[in-house]
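>>> Dropping the sequence and predicted coords here.
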Amino acid sequence: MRKHKALAYSLLLGTILSVSFAYSFASGGLKFEVYETNTRTWHIDLGNIGVGSLKTFNVTVECMEETGKFSATYYLEITGPASLCNDYLRLRWQDTDGAVFTIGKDGDQSFSGIGTLTWNSNIPTVFEAEHKNNISLTLTFLTTAAIGSYNAKMWVAFTEKVEAHVEIMPKVLNLKSRGVPVLAIIRLPETYDPHSVDIKSVKLWFKNNYVQAQSGVPTKHYLLVVFPREKVTQMLSSQRGYVKLDVTGLANVIEFYGTDTIIVIKG
């Protein structure tokens with residue numbers, strides 16, 4: 001498995017007056033750029049920032065040389081005052097790959113740490129080399145205790161990704177039913193043996209939430225994976241109608257992914 005890391009950004013929030021992003025290139029001869037979208041430079045001037053005010057800036061990630069699909073996981077690290085914690089700020093991330101995160105106080109995800117906050121996007125997203133991922137970041141400081149000097153860095157971990165054909169059953173999932181478990185039939189490219197899949201690595205995703213595989217049975221041509229129905233219905237409890245689900249896992253330590261759509265009903 002080839003790993004391509006694009007150590008991107010160094011951003012400076014000096015007394016909360018500006019944010020600076022730098023871009024750099026991935027190792028291994030592949031060139032991934034991360035840059036501020038409008039100026040294509042490393043510096044973003046946010047002007048004057050007040051507590052509670054919203055500041056939005058746009059960043060683009062692209063691969064300049066390679067073709068194909070990669071798994072991309074985004075990482076963020078912010079260092080500030082010694083008391084800096086999750087309750088000091090909120091960051092909303094929205095990108096053209098369909099990822100939406102709200103990180104920080106009252107968000108659906110949290111920063112970890114005190115003084116230095118860290119976060120990553122958890123579920124890898126499919127990054128197509130021919131495609132630019134445009135990211136909108138909206139930052140809100142929530143307390144005057146956040147005033148101080150900040151250093152932050154953001155990077156993207158790229159991993160070669162294998163596409164699998166996935167069929168999820170039942171095709172109509174009744175949330176009120178206690179029927180059979182949720183199954184996934186995973187067919188990998190011919191060069192990958194279904195017996196090489198690490199069953200513990202297989203996950204069923206809906207947006208940023210997942211259910212881990214309960215068991216799996218490899219055959220000559222495909223892998224049959226079982227997910228606990230109760231946990232799947234809990235994950236999809238607020239959904240109705242057509243729902244797109246993703247399946248990810250590791251085969252020979254190389255990540256694979258596949259997508260299928262089912263219908264969710266209640267009653």
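Sure thing, it's come through. Numbering: from 1, shown residues only.

>>> CA atoms only: put whichever helix or strand Ser71 is part of into PDB for me.
Per DSSP states H and E, Ser71 falls inside strand 69-79. C-alpha atoms of strand 69-79 as PDB (Å, rounded to 0.1, in the frame of the first residue of the first chain):
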ATOM      1  CA  LYS A  69      -8.900   7.000  -6.600                       C
ATOM      2  CA  PHE A  70      -7.500   7.500  -3.200                       C
ATOM      3  CA  SER A  71      -8.700   7.400   0.400                       C
ATOM      4  CA  ALA A  72      -8.300  10.800   2.000                       C
ATOM      5  CA  THR A  73      -8.400  11.500   5.700                       C
ATOM      6  CA  TYR A  74      -8.100  15.100   6.900                       C
ATOM      7  CA  TYR A  75      -6.300  16.100  10.100                       C
ATOM      8  CA  LEU A  76      -6.300  19.400  12.000                       C
ATOM      9  CA  GLU A  77      -4.200  20.500  14.900                       C
ATOM     10  CA  ILE A  78      -4.600  23.900  16.600                       C
ATOM     11  CA  THR A  79      -2.300  25.200  19.400                       C
END
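
>>> That one pairs with which strands?
Applying DSSP bridges, strand 69-79 is found paired with strand 116-120 (antiparallel), strand 125-128 (antiparallel), strand 150-163 (antiparallel).

>>> Mind listing what's buried along the last one?
I take that to be strand 150-163. For strand 150-163, a neighbour-count test (16 or more other C-beta atoms under 10 Å) marks 150, 152-159, 161-162 as buried. Every C-beta, even on glycine, is put in place using the N, C-alpha and C of the backbone.

>>> and which of those residues is nearest Met64?
Phe158 (12.6 Å; C-beta to C-beta).

>>> Now do the same contact list for Pro81.
115, 145-149 (C-beta atoms under 8 Å, 6 or more residues apart in numbering).

>>> Kindly provide the distance from Ala99 to Asn122.
Distance of Ala99 to Asn122, given as C-beta to C-beta, to the nearest Å: 10 Å.

>>> Which residues are in contact with each of those two?
What both Ala99 and Asn122 touch, as defined by C-beta under 8 Å, 6+ apart, is the set Asn208.

>>> Residue ranges in the protein under the pLDDT threshold?
Along the chain, segments meeting pLDDT under 70 span 1-31, 39, 41-49, 65-66, 123-124, 152, 159-160.

>>> How many residues are close by Gly104?
By other C-beta atoms under 10 Å, 23 other residues sit near Gly104.

>>> mind listing the strands in the stretch 1-150 of the chain by residue range?
Taking DSSP state E, counting those that start in this stretch, the strands of the stretch 1-150 of the chain run over residues 3-13, 19-20, 32-36, 43-44, 55-63, 69-79, 89-95, 100-104, 116-120, 125-128, 133-141, 150-163.

>>> Looking at those, spot the one closest to Lys220.
Once these are compared by C-beta to C-beta, strand 150-163 is nearest, at 18.3 Å.

>>> Past the closest one, which element shows up next along the chain?
Immediately after strand 150-163, counting by DSSP H and E, sits strand 165-169.

>>> which residues touch that next one?
182-187, 204, 245, 247, 258-260, 262.

>>> If any of those residues are buried, give me the PyMOL selection for them.
The following PyMOL command selects only the buried members of these, with burial defined by 16+ other C-beta under 10 Å:
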select buried, resi 182+184+185+186+204+245+247+258+260+262
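
>>> would CSV of the contacts of strand 165-169 with secondary structure be doable?
As requested, these are exported to CSV (DSSP: H, G, I helix; E, B strand; the rest coil):
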residue, secondary structure
Val182, strand
Leu183, strand
Ala184, strand
Ile185, strand
Ile186, strand
Arg187, strand
Leu204, strand
Leu245, strand
Val247, strand
Gly258, strand
Thr259, strand
Asp260, strand
Ile262, strand
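
>>> out of the contacts of strand 165-169, who's nearest Phe57?
Nearest member of the contacts of strand 165-169 to Phe57, counting by C-beta to C-beta, is Thr259, at 30.6 Å.

>>> That closest one touches Thr248, doesn't it?
No. Counting by C-beta atoms under 8 Å, Thr259 sits too far from Thr248 to count as a contact (10.0 Å).

>>> Nothing else from me, thank you.
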